[in-house]
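# how does the following fold in three dimensions:
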Amino acid sequence: MSFAGSKPSILVTGACGYIGSHVARMLSENGYQVIVIDNLTTGFRDALVHNETFYQGDVGDVVLLKQVFNKHKIAAIIHFAAAIRVDESVVNPEKYYSNNTVNTLRLVTTACEVGIKNVIFSSTAAAYGQPKVVPVDESAPTSPESPYGWSKLMSEQMLRDMSAAHGIRNVILRYFNVAGADPELRMGQRTPEASHLIKVACEVATGKRERLKVFGTDYPTADGTCIRDYIHVEDLAHAHLLALEHLLKGGDSQLLNCGYGHGSSVLDVVSAVKRVSGKDFPVDLAPRRPGDVASIVADAGKIRRLLGWQPRYDHLDTIVKHAYEWERKLRGSHKG
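Numbers count the residues shown, from 1 in each chain. The predicted model follows:
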């Protein structure tokens, strides 16, 4: 089914959150009609900046889903709504299987009932666990090291099985480490008690937190700290737009890594935040956290080839600059 020449309605779940709000904004700016479901547990209503149609509620609420589907002719679903903290998932796995896996099942099942056939699913590089080969491509074995990773991988498999049974076409995007903010500072990461390294380090640099903890300095890496592939949230949002266009043009189901293909260590990030902010701050070395892998970097050749994705913000200092400016804005000290 093609929507050439028209811009259909897209349901974005969790669009008041960090990544979802960037995608909702980008969709609106490209002429799509954006319908949002978000329970505002960790999201913010004012992260929607273009008067997107908003419903407050849970994606596992089948009654609400049917109301939305009956009122709007939805061409595709972009599904973000999920709990995302690896450390929390280790101590509270039931929350992750309920919120991430069961609710995804309810969403996709209800969508199937009304004939919605296009789904973009927000997944994670945590599905790989500690890969044997780095960079890791989409054909690599999956072995998550946390309930969070398993909750996403289970959702992926469920979506594949339902796609085979019911003709849904899907794009599963496995994110690597998302950071940064809208360069115009209309939105960014506001998650309370965030655990993402770049955000936390920028909070320390702006004085919101007193010290930065580095978890683990004995990993088998060059400086002993974890290595991650950091991707700017704007580049990731653009990947969703391209994935949507792929499905609406009749493209087939795909599994795609979203990363840059090179990694930075925790200490690299600390140095970048100090360099960009011009601030020195105390760093405490702490034991490893459960669920963290030593090194994971994307082989992102497939998304570049298939969708023509070309990152615009592929530089650690650029990512840090936008994240730091966003934190300054939140602290009320941003000028201009």
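# just the C-alphas of stretch 309-320, formatted as PDB.
The C-alpha trace of stretch 309-320 is given here as PDB (Å, rounded to 0.1, in the frame of the first residue of the first chain):
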ATOM      1  CA  TRP A 309      20.900   7.000   6.000                       C
ATOM      2  CA  GLN A 310      23.700   9.600   6.300                       C
ATOM      3  CA  PRO A 311      24.400  10.900   9.800                       C
ATOM      4  CA  ARG A 312      24.900  14.600  10.300                       C
ATOM      5  CA  TYR A 313      26.200  14.800  13.800                       C
ATOM      6  CA  ASP A 314      28.800  12.000  13.900                       C
ATOM      7  CA  HIS A 315      31.300  13.500  16.300                       C
ATOM      8  CA  LEU A 316      31.500  13.000  20.100                       C
ATOM      9  CA  ASP A 317      32.200  16.700  20.800                       C
ATOM     10  CA  THR A 318      29.100  17.700  18.800                       C
ATOM     11  CA  ILE A 319      26.900  15.200  20.700                       C
ATOM     12  CA  VAL A 320      28.300  16.400  24.000                       C
END
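# which SS state does V276 fall under?
Using DSSP: H, G, I helix; E, B strand; the rest coil, the structure places V276 in helix.
# how much space is there between it and A201?
Going from V276 to A201 by C-beta to C-beta, to the nearest Å gives 10 Å. Heads up, the C-betas are built off the backbone N, CA and C, glycines and all.
# who has more neighbours, the two?
Comparing V276 with A201 by neighbour count (other C-beta atoms under 10 Å), the higher total belongs to A201, at 28 against 20.
# now the helix or strand that one falls within, how far from the centre of its chain.
Per DSSP states H and E: A201 is located in helix 197-205. Offset of helix 197-205 from its chain centre (C-alpha atoms, centre = their mean, to the nearest Å): 18 Å.
# next one: phi and psi at Q56?
phi -90, psi 120 (degrees, to the nearest 10).
# and the residue nearest to T318 when sequence neighbours are not counted, what does it touch?
In space, and not counting its chain neighbours, T318 is closest to H232: 6.9 Å by C-beta to C-beta, 6 or more residues apart in numbering. By C-beta atoms under 8 Å, 6 or more residues apart in numbering, the contact list for H232 reads V178, A179, G180, P311, R312, Y313, D314, T318, I319, H322.
# among those residues, the buried ones, what's the PyMOL command?
Those of the contacts of H232 that count as buried under 16 or more other C-beta atoms under 10 Å are selected in PyMOL with:
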select buried, resi 178+179+180+311+313+314+318+319+322
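# out of the contacts of H232, list just those in strands.
V178, A179 (DSSP state E).
# low-confidence ranges in the protein?
Along the chain, segments meeting pLDDT under 70 span 1-6, 333-336.
# give me that answer again for 50
1-5, 334-336 (pLDDT under 50).
# where along it do the strands fall?
Under DSSP E, the chain gives strands at 9-13, 33-38, 53-56, 74-79, 118-124, 169-175, 177-179, 212-215, 227-228, 230-232, 254-258, 264-265, 283-286, 295-296.
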